[in-house]
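Q: need a structure here:
(2 chains)
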There are 2 protein chains.
Amino acid sequence: MREEFRADLASVGQTLVAMAEGVRAAMREATAALLAADQTGAEEVVHGDAEINAYYRQVEDKVYDLLARQAPVASDLRLLISAIHVAADLERMGDLADHVAKTCLRRVPARAVPDELVPVVRDMAAVADRIAGKITEILETSDAQRAAELESDDDEMDELNKQLFGLLLGTAWRHGVEAAIDGALLGRWYERFADHAVNAGDQIVYLVTGEAPAA
Amino acid sequence: MREEFRADLASVGQTLVAMAEGVRAAMREATAALLAADQTGAEEVVHGDAEINAYYRQVEDKVYDLLARQAPVASDLRLLISAIHVAADLERMGDLADHVAKTCLRRVPARAVPDELVPVVRDMAAVADRIAGKITEILETSDAQRAAELESDDDEMDELNKQLFGLLLGTAWRHGVEAAIDGALLGRWYERFADHAVNAGDQIVYLVTGEAPAA
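A: Just a heads-up that it's a prediction; the model follows:
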């Protein structure tokens, strides 16, 4: 029974890996579309969000199916509910990639990001991509050390967001209110993407090690 | 056994009611502080967020305790996981009240909201308050009809958010980029508050009627 439960849990883990990879790819493509004012690319991200949401349902269904077929002990139930939490964070990360793509679409054929914001947006996207990659890695290798790194990645993201706000609020800003609001919201999407990744990482450590994340 | 399960479930429901009332009060106080540039009021909301987070833990603990003591059937498990989803939405609503309070604190003794935004912010807060009130009502009365109303409340919120953006991007705007970004983010907090309330409402309908929310 215990063996079978482990196998079922591994299958939930595989779905989470596929979902994490999907979310990472979505944010990468959304950023590429944003920086290139690429309508087709952005539209693909928007359409692809349904697929990420379908993964979420798949995780929930697998968990319910497992619960119905087996009678897991209380500690296993906590693991299963953690899996649902991870899926919920990943689903939300997919939404944020969708928001980035939609910001691109609102301004095409113009580019939503003025030249001087390109480097900081690129850096935020790079940190987002690195964080999303670690989620997959932690799911696959159960390496709790990797999860600890997420906190410092997240600090780096917060620092970049401050830098972004510095540009938006600086005296040199010449792009008006609309571009500033877009910039601030974009910063928010990348920052929230990172926050959800850190949450997911904490839950995964619990999922793979059985140890509760530090509060 | 079934009787006992119902009683346990009702106790989870009571915690959710207390949490929903706490979240509603938090957003109401955050708005009052924001519009009055009231530092003490805003600080109380920020400190109070820990209490809302504690409610979340309480719901999770009750659910785990229930799972450990009883062996619920699969449909009951779905109900219990719904309860955790509702608690997660309410917790996030508390965070958004906290964000509103922090926007206030960033600008005191000045008021973060310029005169011409006061009416629309007041309206958004009123819709947020009405929605939060319905969550409590649905939890207490199991009235699925009330839940259906949440969708149109949410549409009203989206409409108000558009109105807010119209003011921020209008030619009459004279408050510069920082106040515009604050305004846009405030709009976002109220809008997200409403989104989470609608999610919570759908889950509660499921919790109290056993009927899955329309996708």
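Q: and A:Ala30, what element?
A: helix A:2-36 (DSSP states H and E).
Q: what do you get for A:Trp173?
A: Applying DSSP H and E as the criterion places A:Trp173 outside every helix and strand.
Q: show me what contacts the residue nearest to the spatial centre of chain A?
A: In chain A, the C-alpha nearest the mean C-alpha coordinate belongs to A:Met93, at 3.4 Å (Cα atoms, centre = their mean). Counting by Cβ atoms under 8 Å, 6 or more residues apart in numbering or on different chains, A:Met93 touches A:23, A:27, A:132, A:193, A:196-197, A:200. C-beta: built from backbone N, CA, C; applies to glycine.
Q: and it, which of the three is it?
A: Following DSSP: H, G, I helix; E, B strand; the rest coil, the label given to A:Met93 is helix.
Q: do the same with A:Pro72
A: Three-state call for A:Pro72 (three-state DSSP): coil.
Q: same question for A:Arg111.
A: Applying three-state DSSP: A:Arg111 is coil.
Q: contacting residues for it?
A: A:34-37.
Q: ok, now with 6 Å
A: With contact set as Cβ atoms under 6 Å, 6 or more residues apart in numbering or on different chains, A:Arg111 has these partners: A:Ala37.
Q: could you report the pLDDT at the residue nearest to the centre of chain A?
A: Note on A:Met93: pLDDT of 97.
Q: swap in A:Met1?
A: In this model, A:Met1 is scored at 55, pLDDT.
Q: returning to that earlier point: show me what counts as buried in the helix holding A:Ala30.
A: Of the residues in helix A:2-36, A:5, A:8-9, A:12-13, A:15-31, A:33-35 count as buried by neighbour count, 16 or more other Cβ atoms under 10 Å in any protein chain shown.
Q: cool, stretch A:165-175 as well?
A: Buried, per 16+ other Cβ under 10 Å, within stretch A:165-175: A:165, A:167-168, A:173, A:175.
Q: can you give me the end-to-end span of that stretch?
A: Taking Cα to Cα, to the nearest Å, stretch A:165-175 runs 14 Å from one end to the other.
Q: give me the mean pLDDT for it.
A: Rounded mean pLDDT across stretch A:165-175 is 95.
Q: can you tell if that stretch touches chain B?
A: Yes - residues of stretch A:165-175 contacting chain B under Cβ under 6 Å from any Cβ of the partner chain: A:Leu169.
Q: check what contacts that stretch and list those residues.
A: Applying Cβ under 6 Å, 6+ apart, the contact partners of stretch A:165-175 are A:114, A:180, A:183, B:178.
Q: considering these, which is situated nearest to A:Ala147?
A: Among those, A:Gly183 lies closest to A:Ala147 (Cβ to Cβ), at 30.6 Å.
Q: neighbour-wise, which one of the contacts of stretch A:165-175 leads?
A: When neighbours are counted by other Cβ atoms under 10 Å in any protein chain shown, A:Gly183 leads the contacts of stretch A:165-175 with 26 neighbours.
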